[in-house]
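> Sequence and predicted structure below; questions after.
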Amino acid sequence: MGETMPEIRAEMRLPTQQLRDDLPFFTGVLGMRLDMIYPADDPEVAVLSGHGLRLRIQKGAVEAPGTIRILTDDVGAFPARRLTAPNGTRVEIEALNPPLVLPATDHAFVVRRLADQAPWVIGRAGMQYRDLVPSRLGGAIIASHIRIPDGGPVPDMVHFHKVGFQLIFCVKGWVDVVYEDQGGILRLHAGDCFIQPPEIRHRVLEASDGIEVIEIGVPAEHVTEIDHDLRLPTPYLRPDREWQGQRFVHNKGANAAFHPFRIPGFEARDTTINAGTKGVASVMVVRPTGPAPATKHDTDILFTYVMSGQMTLTGAGKPSYRLTMGDAFVVPPGMATQYIDTTPDLQLLEVTLPGDFTTTVL
């Protein structure tokens with residue numbers, strides 16, 4: 001016979017001056033269940049449970065009253081969004097699944113150069129992050145240069161992001177990822193990209209030495225949640241499934257066709273992300289074919305990362321910037337810019353939100 005696992009319970013202790021004052025609040029107002037109370041003649045301890053909590057309310061407890069956050073699909077079931085118990089415990093009632101808020105873009109001309117030695121910080125799963133848009137345009141976007149110096153298995157868990165848009169573009173090495181309803185392990189090589197639709201479950205498995213990716217997220221601050229129940233890979237292949245109107249995209253760069261770009265003097269390959277997101281965003285890989293004129297655009301966000309080669313970026317009323325591999329820039333709508341003195345090996349990654357917009361040649 002197998003061994004029986006011991007039962008384990010955890011409690012949070014809160015102070016009270018008089019249980020007779022606190023019990024009606026926790027049971028009547030918050031809807032918690034009384035599980036234990038003692039001693040019978042003059043109760044000093046009560047244990048209650050509910051909303052995923054187990055509370056021990058005790059006379060003479062030395063802890064501060066604390067704050068309880070209750071997340072619910074029915075906020076209106078409580079008398080108010082902010083409550084205070086007789087013992088001083090604060091209670092915050094919040095929506096279980098609040099709508100995603102996309103901040104208005106704080107438009108700015110931004111240049112971020114690798115030579116400026118922006119700090120690398122350790123982020124989720126031990127990966128190193130470099131911020132490519134420090135202002136984050138008022139919270140509208142986060143653009144990160146991510147690397148893993150030493151390859152091998154990645155200590156990741158099945159998780160998902162509450163985002164409006166998320167791009168993973170591999171610029172060096174390879175990485176193995178598994179996604180919900182997308183079959184088995186998918187390997188992302190340099191030049192390839194994934195679109196991770198909002199809340200698709202996924203897990204990073206393994207990466208090569210020196211793997212580097214560019215990750216774009218909208219909005220800048222978004223929640224990552226762990227899914228402790230789903231096992232990946234899932235047994236289904238559903239390429240047409242949509243998450244909030246977006247499909248998963250795995251675009252492979254090898255042998256992709258280039259076509260004339262929105263800026264004369266350049267050509268680009270379409271990663272099909274504009275179609276996969278129904279116009280939420282467009283992602284292009286761009287290279288020069290000849291001299292380019294000054295242009296301006298009317299999209300909300302235009303972010304560019306230099307993957308190889310060099311160019312000079314000029315902007316109306318701004319100094320010129322000689323850009324090279326690892327540099328990034330943002331051009332606000334309506335600003336005239338020009339890409340000049342390009343080297344033959346120049347290759348740019350351009351991400352625009354929304355994906356459909358107008359470019360004007362000046």
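In hand now; what should we look at? Numbers count the residues shown, from 1 in each chain.

> quick one, what contacts the nearest residue to Glu44 once chain neighbours are set aside?
Of all residues not flanking Glu44 in the chain, Lys59 sits nearest, at 4.3 Å (CB to CB, 6 or more residues apart in numbering). (Glycine included, C-beta is placed from N, CA and C.) The contact partners of Lys59, by CB atoms under 8 Å, 6 or more residues apart in numbering, come to 15-19, 44-45.

> And the next helix or strand past the worst-scoring helix or strand of the chain on mean pLDDT?
Ranked by mean pLDDT, DSSP states H and E, the weakest helix or strand in the chain is strand 121-122, scoring a mean of 78. Per DSSP states H and E, strand 121-122 leads on to strand 128-131 as the next helix or strand towards the C-terminus.

> Neighbouring strands of that following strand in the sheet, and parallel or not?
Sheet pairing of strand 128-131 (DSSP bridges) gives strand 121-122 (antiparallel), strand 142-148 (antiparallel).

> how much distance is there from that strand to the middle of the chain?
Here strand 128-131 is found 14 Å from its chain centre; the criterion is CA atoms, centre = their mean, to the nearest Å.

> now do stretch 215-227
Centroid displacement of stretch 215-227 relative to its chain, using CA atoms, centre = their mean, is 2 Å.

> and that stretch, how far apart are its ends?
21 Å (CA to CA, to the nearest Å).

> avg pLDDT for that stretch?
When pLDDT is averaged over stretch 215-227, the result is 93.

> Kindly report the same for stretch 19-35.
Mean pLDDT, computed over stretch 19-35, is 95.

> Show me the contact partners of that stretch.
Applying CB under 8 Å, 6+ apart, the contact partners of stretch 19-35 are 16, 37, 43-44, 46-51, 53-55, 57, 59, 70, 77-79, 83, 85-87, 91.

> Looking at those, which are in strands?
Among the contacts of stretch 19-35, DSSP state E puts 16, 37, 46-50, 53-55, 57, 59, 70, 83, 91 in strands.

> can you give me the helices in the protein?
Using DSSP state H, the helices of the chain run over residues 19-24, 273-276.

> Return the set of buried residues in the first one.
Residues of helix 19-24 classed as buried by neighbour count (16 or more other CB atoms under 10 Å): 19, 22-23.

> Nearest to Asp131 among those?
The shortest approach to Asp131 among the buried residues of helix 19-24 belongs to Asp22, at 46.5 Å (CB to CB).

> Do you know the pLDDT at Arg147?
For Arg147, the predicted pLDDT is 89.

> how many other residues sit next to the closest residue to it other than its chain neighbours?
Spatial nearest neighbour of Arg147, chain neighbours left out: Glu212 (4.6 Å); criterion: CB to CB, 6+ apart. If you count neighbours by other CB atoms under 10 Å, Glu212 ends up with 22.

> for Glu212, which residues make a bridge with it?
Beta-bridge partners for Glu212, by DSSP bridges, are Arg147, Lys172.

> That one is in contact with Ile146, isn't it?
Yes. Between Glu212 and Ile146 there is a contact under CB atoms under 8 Å: 7.0 Å.
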